[in-house]
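1. Structure of the sequence below:
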Amino acid sequence: MYEKKEKSYAVIALTYYFILLIAFVWMGILLKDGVKSYYWIYWSLFIVAILIVWIKDKSFVNLGFTKEKLKSNLLISFGMILSGILIVIAISDLSIGRILKATCYYLFYIAMVEEVLFRGFIQSYLFGFSENKKLIYCFGGICFALMHLPFQMYVHNNVSISYVIQRLPSLFYIVILHLLFCYITSKRKDITIPIAFHFLIDFLQDVL
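-> The predicted structure follows:
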């Protein structure tokens, strides 16, 4: 997964990434205009990424899924997710329905999609540029961090350079998380634990 590839892989990754950035700008504009169905753009691009990897590789390894350590990874991930849900049930006054809705949102729409796209597809394909793992991990982290800007600018109604400057500390934090998730992915051979970890961070931060 995280190994040297042909340059065509990197070209695909960057092309897809820039399309994704444009899509986030578009989704932000739609949100501002009150169009609630903008999320279908995101899901469509997610499906496109899966198709790209399947057509090019005939496998989902470069999406971050392998059979190596799969059982233990799934068990650890399930434990992390369940623990987060139980913590929220125990210490919050939210209804079970609200908790389950938030669980589905942060697990499938946020954590799973972002991990497949950024720790799987894009990060794997960026190795078409270089074998220098530190360099490619950092570059992937910067790409992941910058991805958070376009849509959030419209959410906060602040499409300006001042918003970017204001977000610099959080962008640095996102790069660090990317490096951590890549490290876990590299050691555990897939992205199931990073998905659970990503879910916990966003889920607990929102509902507690």
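2. Show me where this structure has its helices.
-> 7-32, 39-57, 70-91, 96-104, 113-114, 123-125, 133-147, 149-155, 161-166, 168-188, 192-207 (DSSP state H).
3. most tightly surrounded among those?
-> Ranked by mean neighbour count, the helices of the chain are led by helix 123-125 with a mean of 27 (mean count of other C-beta atoms under 10 Å). Quick note: C-beta positions are derived from backbone N, CA and C, even for glycine.
4. related to what we said a few turns ago, and the helices of the chain as a markdown table, adding mean pLDDT and distance to residue 64?
-> Shown next, in a markdown table, are these (pLDDT from 0 to 100; distance: least, C-beta to C-beta, whole Å):
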| stretch | mean pLDDT | distance to residue 64 |
| --- | --- | --- |
| helix 7-32 | 97 | 14 |
| helix 39-57 | 97 | 10 |
| helix 70-91 | 96 | 11 |
| helix 96-104 | 95 | 20 |
| helix 113-114 | 97 | 11 |
| helix 123-125 | 98 | 7 |
| helix 133-147 | 97 | 12 |
| helix 149-155 | 94 | 23 |
| helix 161-166 | 95 | 29 |
| helix 168-188 | 97 | 6 |
| helix 192-207 | 96 | 8 |
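5. how about those, which one is nearest residue 1?
-> Taking C-beta to C-beta, helix 123-125 is the member of these nearest to residue 1, at 5.2 Å.
6. Check which helices and strands that closest one sits against.
-> Counting contacts by 3 or more C-beta pairs under 8 Å, 6 or more residues apart in numbering; DSSP states H and E, helix 123-125 is packed against helix 7-32, helix 133-147.
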